[in-house]
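Student: Just need the structure, nothing else, for what follows:
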Amino acid sequence: MPVNMSNAHCGVIIMSGNKAVWMHIGAGSFHRAHQAWYLHSLMQQGDDSWSIALGNIRDDANALLGALAAQKGEYVLETVSPDGERQYETITSIRKVLAWDSEISALVAQGADAQTRVIAFTVTESGYYLTPEHELDMQQADIKADLNGGIRTLYGALTRILTQRIANNGGPVTLLNCDNLRHNGERFRHGFLSFLKAKGERALYDWVKHYTTSPNTMVDRITPRPTPDVAERVLAATGIHDAVPVMGESFIQWVIEDDFINGRPALENVGVELVESVLPWEEAKIRILNATHSCIAWAGTLIGLSYIDESTRQSAIRQMAWEYVSRDVIPSLTPSPLDLAKYRDVVLARFGNPYIKDTNQRVAADGLSKIPGMVTPTLVQCYQRGATPSATAVLPGLFFLFLRRWADSTLPYTYQDGVMRPEAIKALFASDDPLATFAKDEALFAELAQSADFLALLRRTVAELEQWVKQPQAQLATA
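Tutor: Below you'll find the model as predicted:
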């Protein structure tokens, strides 16, 4: 297929007489509070050369998409600072809402159009179906379905979209991962190419290798699921009746490796950091922010709390998080171009923001992907340098107790985990030694699954945590 590569890798491109489209897959709150805000900010500067087309692979966002379409893609973003200062902004960067159907027809048509120069996505950590060795997990039911022509996953959807793009001579396109996944561009790309190879899509495999890029990125903004009071505040502050407002913290950050194959928006003009390698920012964010976030959510849930901010303000929980970062993560990431201690303190301050009301339920999700991706690397590195990761072991210890509550049906909410096999978890807790079975799971702990020292450490840690959980009056003291 002839493809015009004259524009590849040459920065910001505006097609003569046409606008460029950033198609985003994943209609969740995070995209609308993060990437859409940056594109809107460019428009506010007078640069309207790019706009967003937003769609979803599955049918779980139909109500949102319908409401957005009725509002012509516009909605109000509420941000709140740790001091309680709220600001309201109408976001206008989503110029096309792609209605869902079982064949994802609108996504296919938009993704195949030559005006679409970036296809970005937020499908959560578990949406990539990777093993601890970062290989595509061919045993997952959704992957099996898509290898047989389905579109349950990002891989199946992109197969359909890019096949049509080739047929339309749509040209090169950047495939941009915006999820919290270490080496997210590389890991997605390897998973996608593995999928295409397994599916026998040789021509598409070759096209993806030559006519797409997948930069690594680091994204950051705490964005809780919107509750009804957000719309009430929006109405009171702006007079706008918004069916789908979104809220987030005032802090925002985006770091991207500058490797776009067919042009990009001038994101550097609105505070995005375009870098050669995202690795230092990525590692700090995943280990210090993401892993700590989950630690706080699991711990707070275990002692009967509902929100991240109130959990963070419990002295025992805050100390767990502080010790984990200070004793184990910072030595693992040193040297770094970032001030890691300052980053730790900023993160904990953000988590304690009493105006965000992010739920433990949201942050606790997908633990079976978070442990191997966010926690196990620190455990391994501690042992490699001869240190015992006592502070880090608290995180899998908390998650074990959290999973036990799930197996006992005593969690206060529904737990969502994209790679969970419920029967396997129930079998684990029905075994003679659930903790040993848990510790020996290579999918969670890689080479540490064979370590007697790690199992002994986890036994001590879980025993201490069980005693802590049994003392509610002692622990519910605000730091």
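
Student: hey, where'd the strands end up in the stretch 51-200 of the chain?
Tutor: Using DSSP state E, counting those that start in this stretch, the strands of the stretch 51-200 of the chain run over 75-80, 86-91, 94-97, 116-121, 173-177.

Student: Using TSV, please lay out these together with mean pLDDT.
Tutor: Listed next are the strands of the stretch 51-200 of the chain as TSV, based on pLDDT from 0 to 100:
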stretch	mean pLDDT
strand 75-80	97
strand 86-91	98
strand 94-97	98
strand 116-121	98
strand 173-177	98
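
Student: burial count for residue 363?
Tutor: 25 (other Cβ atoms under 10 Å). Quick note: C-beta positions are derived from backbone N, CA and C, even for glycine.

Student: Now for it, which secondary structure element holds it?
Tutor: Secondary structure assigned from DSSP states H and E places residue 363 in helix 360-364.

Student: ditto for residue 429
Tutor: In the assignment (DSSP H and E), residue 429 maps to helix 422-430.

Student: Skip ahead from that helix and say which helix or strand is next.
Tutor: Using DSSP H and E, the helix or strand that directly follows helix 422-430 along the chain is helix 434-439.

Student: I'd like to know how many residues surround residue 227.
Tutor: As a burial measure, residue 227 scores 11 neighbours (other Cβ under 10 Å).

Student: Leaving out sequence neighbours, find the closest residue to it.
Tutor: Leaving out its chain neighbours, the residue that sits closest to residue 227 by Cβ to Cβ, 6 or more residues apart in numbering is residue 357, at 7.3 Å.

Student: thought the one you found was touching residue 310?
Tutor: No: with contacts counted by Cβ atoms under 8 Å, residue 357 stays clear of residue 310, the gap being 9.1 Å.

Student: domain ranges for this protein?
Tutor: For the chain, automatic domain parsing gives the domain ranges 20-275, 279-475.

Student: Please spell out the segments of the chain that come in under the pLDDT threshold.
Tutor: Where the chain drops to pLDDT under 70, the residues are 1-17, 472-479.

Student: Which positions in the helix holding residue 429 come out as buried?
Tutor: Residues of helix 422-430 classed as buried by neighbour count (16 or more other Cβ atoms under 10 Å): 425, 428-429.

Student: Which of these sits closest to residue 449?
Tutor: The shortest approach to residue 449 among the buried residues of helix 422-430 belongs to residue 428, at 13.5 Å (Cβ to Cβ).

Student: and that closest one, what is it in contact with?
Tutor: For residue 428, the contacting residues are 403, 407, 434, 437-438, by Cβ atoms under 8 Å, 6 or more residues apart in numbering.

Student: In which helix or strand does residue 264 reside?
Tutor: Here residue 264 sits in a region with no helix or strand, counting by DSSP H and E.

Student: any idea how far it is from residue 285?
Tutor: Residue 264 sits 22 Å away from residue 285, taking Cβ to Cβ, to the nearest Å as the criterion.

Student: Same check on residue 141?
Tutor: From residue 141 across to residue 285, the span is 31 Å (Cβ to Cβ).

Student: Between those two, which is the more surrounded one?
Tutor: Counting neighbours by other Cβ under 10 Å for residue 141 and for residue 285 shows that residue 285 has the greater number, 23 against 11.

Student: mind listing what the nearest residue to the more buried one once chain neighbours are set aside touches?
Tutor: Distance criterion Cβ to Cβ, 6+ apart; nearest residue to residue 285, sequence neighbours excluded, is residue 218 at 5.4 Å. Shown in contact with residue 218 (Cβ under 8 Å, 6+ apart): 253-256, 278, 281-282, 285.

Student: does residue 417 really touch residue 368, like I thought?
Tutor: Yes: judged on Cβ under 8 Å, residue 417 makes contact with residue 368 at a distance of 5.3 Å.

Student: out of the two, which sits in the busier spot?
Tutor: With neighbours defined as other Cβ under 10 Å, residue 417 and residue 368 compare such that residue 368 has more, 22 against 19.

Student: Can you list the buried residues in the helix or strand hosting the more buried one?
Tutor: Per DSSP H and E, residue 368 falls inside helix 367-370. For helix 367-370, burial by neighbour count (16+ other Cβ under 10 Å) applies to 367-370.

Student: same deal with stretch 402-421?
Tutor: Buried residues in stretch 402-421, defined by neighbour count with 16+ other Cβ under 10 Å: 402-407, 411, 415, 417-420.

Student: cool, stretch 291-307 as well?
Tutor: For stretch 291-307, the buried set under the neighbour-count rule, 16+ other Cβ under 10 Å, comprises 291-303, 305, 307.

Student: now do stretch 132-152
Tutor: By neighbour count with 16+ other Cβ under 10 Å, stretch 132-152 contains the buried residues 132, 134, 136-137, 140, 142-143, 146-147, 150-152.

Student: So which residues make contact with that stretch?
Tutor: Here stretch 132-152 makes contact (Cβ under 8 Å, 6+ apart) with 57-58, 103-104, 129-131, 153, 155-157, 159-160, 183, 187, 190-191, 194-195, 198-199, 372, 376, 419, 442-446.

Student: And for residue 169, the neighbour number?
Tutor: For residue 169, the neighbour count with other Cβ under 10 Å is 12.

Student: Settle this for me: it is touching residue 207, isn't it.
Tutor: No: contact between residue 169 and residue 207 fails when scored by Cβ under 8 Å: they sit 11.4 Å apart.

Student: hang on, the earlier thing: which among the buried residues of helix 367-370 gets closest to residue 81?
Tutor: Nearest to residue 81 among the buried residues of helix 367-370, counting by Cβ to Cβ, is residue 370 at 27.3 Å.

Student: got a list of what that closest one touches?
Tutor: Residue 370 neighbours (Cβ under 8 Å, 6+ apart): 125, 290-291, 294.

Student: Adding secondary structure and distance to residue 213, write the residues you listed out as JSON lines.
Tutor: Below are the contacts of residue 370 laid out as JSON lines (DSSP: H, G, I helix; E, B strand; the rest coil; distance: Cβ to Cβ, whole Å):
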{"residue": "125", "secondary structure": "helix", "distance to residue 213": "22"}
{"residue": "290", "secondary structure": "helix", "distance to residue 213": "25"}
{"residue": "291", "secondary structure": "helix", "distance to residue 213": "28"}
{"residue": "294", "secondary structure": "helix", "distance to residue 213": "30"}
